[in-house]
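Q: What follows is a predicted structure for the sequence shown.
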Amino acid sequence: MLNKIITLNEYIAHKQKDFSYATGELSGLLQDIALAAKIVNREINKAGLVNILGATGSSNVYGEEVKKLDVFANDQFIRSLRTSGECCGVASEEEESFIAFENEKAKKAHYVVCMDPLDGSSNIDVNISIGTIFGIYRRKSKVSDICNLDDFLQKGRELVAAGYVIYGSSTMLVYSAGGKVNGFTLDPSLGEFCLSHHDIKIPKKGKIYSINESYKNSFSKSVNEFVEYCKTEDKATNRPYSSRYVGSMVTDFHRNLIKGGIFMYPALRNHPNGKLRLLFEGCPMAYLVEKAGGRATTGYTDILDVQPTGVHQRVPIFIGSEDMVEKVEAFIQKYESVSSL
Ligand code: AHG
Ligand code: MN
Ligand code: MN
């Protein structure tokens, strides 16, 4: 039986009344993000042609400099948010400080966005999936003022929506605005994101572990023991698990969300908070995984309960299927009683 195609815009319009603040602003914001994602997707699809169309740093036919894709994505999302009238400011992995929009329409908006415009960017050159991650907060500052740092330094628990776009073998937008986690696949012929993955739930038990094991000499004893546990044969618990690590968090997370698994970027000896950013990568993904029935922790604290102190703050991350996250947490808490957070 053929099902009716439901586009992202139709879905958002239909669900608008379910949002915590049913003003339509959040709906508009999600639609603006989706539109910017389509433009970024179009450029990413051309990435392999860069050597014949003009390399980064060279000029295109209009005499404009060809931008790196992460800069292009950053500019595209910020431009879209700046003019949307639904967002009063943005913090981006690509920007040193947050950007407060100063136009009158933006100052009246209720939301701020935290984002990683292009995640896994080192994979662009080799045609591996990359992504965009975003989290949306309701502002704390007064409407009509220019937004300020406190609007961005909110715990992940305060998120009103979050999602990611994966530019992969097909391009998908996955998001939740407090309810279910839904996935929409871009139909290139229609130019529309169409509902393809309704009510995504992460399997409680997983079989995949994702970590960059080349850093094992810098991992804590407990993380190394958990990795060893994942590899140890045990029929009763379906081990050994499979190791999968793409090096784009969005891609590794997306696979584990659908199939069940755990993604880890732990503390390293010389990087006690790991590599990934709390506001741009940690919180949005933690929000989604919890809405999908999974968990995300630093090893001691749920990612969503960590109080941010700076926009570029990093955080150790263990995220995925509930049973696997609980297991690694137990290993960590057995050996290490003091958290750096
Ligand atoms: P970004 O491209 O936004 O800087 O993020 C890259 C991140 C993340 O996507 C990935 O999981 C991780 O870096 C990989 O890091 P390692 O190469 O250290 O494993
Ligand atoms: Mn990233
Ligand atoms: Mn990035």
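A: Nice, thanks for sending it over. Note that the coordinates shown come from a computational prediction; the quantities given were computed from them, not determined experimentally. Ligands and ions are numbered 1, 2, ... in the order given.

Q: Pull out the buried residues from stretch 203-216.
A: Neighbour-count burial for stretch 203-216, counted by 16 or more other CB atoms under 10 Å, picks out Pro203, Gly206, Lys207, Ile208, Tyr209, Ser210, Ile211, Tyr215. (C-beta placed from N, C-alpha, C; glycine too.)

Q: Let me fix that, I meant to ask about stretch 305-318.
A: Buried residues in stretch 305-318 (16+ other CB under 10 Å): Val306, Pro308, Val311, Gln313, Arg314, Val315, Pro316, Ile317, Phe318.

Q: cool, and stretch 275-295?
A: Neighbour-count burial for stretch 275-295, counted by 16+ other CB under 10 Å, picks out 275-292, 294-295.

Q: Keep those, but drop any that are not near ligand 2.
A: Checked against ligand 2 using CB under 5 Å from the ion, these give no members in range.

Q: Can you tell me which of the residues you listed end up in helices?
A: Cys283, Pro284, Met285, Ala286, Tyr287, Leu288, Val289, Glu290, Lys291 (DSSP state H).

Q: Take the residues you listed and lay them out in TSV including distance to ligand 1.
A: Listed next are these as TSV, based on distance: CB to the nearest ligand atom, whole Å:
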residue	distance to ligand 1
Cys283	15
Pro284	12
Met285	10
Ala286	15
Tyr287	17
Leu288	15
Val289	15
Glu290	19
Lys291	21
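
Q: in the helix or strand where Ala36 lies, what's buried?
A: Per DSSP states H and E: Ala36 is located in helix 25-45. Judged by neighbour count using 16+ other CB under 10 Å, the buried positions of helix 25-45 are 25-38, 40-41, 44.

Q: same thing with stretch 159-169?
A: Leu159, Val160, Ala161, Ala162, Gly163, Tyr164, Val165, Ile166, Tyr167, Gly168.

Q: and what of stretch 169-178?
A: Result for stretch 169-178 [16+ other CB under 10 Å]: buried residues Thr171, Met172, Leu173, Val174, Tyr175, Ser176, Ala177.

Q: how close does the third one get to Tyr164?
A: According to CB to CB, to the nearest Å, Leu173 and Tyr164 sit 8 Å apart.

Q: same check, this time on the fifth one
A: Shown here: Tyr175 relative to Tyr164, a distance of 8 Å by CB to CB.

Q: The second one too?
A: Using CB to CB, one gets 9 Å for the distance from Met172 to Tyr164.

Q: on that earlier part again, can I get the ones in helices among the buried residues of stretch 275-295 in a markdown table with pLDDT and distance to Phe219?
A: Output for these, formatted as a markdown table (pLDDT from 0 to 100; distance: CB to CB, whole Å):
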| residue | pLDDT | distance to Phe219 |
| --- | --- | --- |
| Cys283 | 99 | 23 |
| Pro284 | 99 | 25 |
| Met285 | 99 | 21 |
| Ala286 | 99 | 21 |
| Tyr287 | 98 | 26 |
| Leu288 | 98 | 26 |
| Val289 | 99 | 22 |
| Glu290 | 98 | 25 |
| Lys291 | 98 | 29 |
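
Q: ok, those vs Ser220, which is closest?
A: Closest approach between these and Ser220, by CB to CB: Ala286, at 20.6 Å.

Q: ok, that closest one touching Arg157?
A: No: contact between Ala286 and Arg157 fails when scored by CB atoms under 8 Å: they sit 9.5 Å apart.

Q: which residues are common contacts for the two?
A: Common contacts of Ala286 and Arg157 (CB atoms under 8 Å, 6 or more residues apart in numbering): Leu304.

Q: Sitting in strands, which of the buried residues of stretch 169-178 do you find?
A: Among the buried residues of stretch 169-178, DSSP state E puts Thr171, Met172, Leu173, Val174, Tyr175, Ser176 in strands.

Q: farthest pair in those?
A: Longest span within these, CB to CB: Thr171 and Ser176, 18.4 Å.

Q: does the most centrally placed residue in the chain belong to a helix or a strand, and which?
A: Central residue of the chain (CA atoms, centre = their mean): Ile133, 3.2 Å from the mean position. Per DSSP H and E, Ile133 falls inside strand 130-138.

Q: Okay, buried residues for the following helix or strand past that strand please.
A: Following strand 130-138 in sequence order, the next helix or strand is helix 149-152 (DSSP H and E). For helix 149-152, burial by neighbour count (16+ other CB under 10 Å) applies to Leu149, Asp151, Phe152.
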